[in-house]
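Novice: 3D model of this:
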Amino acid sequence: MENDERVTVVRDGRLVAAGLRRGSVVAYDWGFEQGGAAYLQRTFVLLAEGMQIDQPVAFPAAQQGWWYCDLIGLEWAGPGSGEVRTSDRWIDVIVGPPDQPYRLLDLDEYGEALADGRLGPAEAAEGLRRVQRFLDRRLNRRHEVAPGWPEFPPPEVEELLGVELPQDWRFVE
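Specialist: Sure, this is the predicted structure:
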């Protein structure tokens, strides 16, 4: 699209990948090997929410198509800056089919990071607020009885599922 911006994603300081920003979503592909098999993973950064989501290609067959959502630290100077830096912030959400509850993971690790100083109180509070906003906006069904997630995956992500992305990534030490 005309308003797409090429960006570089630096994930956890270990992965550098070419990506595409469309509005408030960045999409990038990256590859890895596991158990002797090569995988290609597409990942999405929700810039306004500070969350990173993907459908893990290495999930067991029964969970293919499920989503894994990570709370992230995010450094982005805005449109035209060319670089998006993300860092894992421990809290994860697994989203399966609409008839199953989502799973919230690793709150213990988040608490440990706060207790040992890897997270300051203000940063920890902001992370909890972002996770709650994400759950309320995307997954929590207020009073609806019909199955389905209110807005998941986000429509902006669905637009980018089939887009051709640069296949350029590398791992750094």
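Novice: any idea how far the residue sitting nearest the centre point of the chain is from Ala37?
Specialist: Nearest to the geometric centre of the chain sits Gln52, at 1.2 Å (Cα atoms, centre = their mean). Distance, Gln52 to Ala37, using Cβ to Cβ, to the nearest Å: 23 Å. C-beta: built from backbone N, CA, C; applies to glycine.
Novice: avg pLDDT for stretch 8-16?
Specialist: For stretch 8-16, the mean pLDDT works out to 98.
Novice: now do the same end-to-end measure for that stretch.
Specialist: Across its full length, stretch 8-16 reaches 7 Å between end residues, using Cα to Cα, to the nearest Å.
Novice: which SSE is immediately downstream of the longest strand along the chain?
Specialist: In the chain, taking DSSP state E as the definition, the longest strand is strand 83-95. Using DSSP states H and E, the helix or strand that follows strand 83-95 in sequence is strand 103-105.
Novice: secondary structure class for Glu58?
Specialist: In this structure residue 58 is Ala, not Glu. Following DSSP: H, G, I helix; E, B strand; the rest coil, we place Ala58 in the coil state.
Novice: check contacts around it.
Specialist: Ala58 is in contact with Gln34, Tyr39, counting by Cβ atoms under 8 Å, 6 or more residues apart in numbering.
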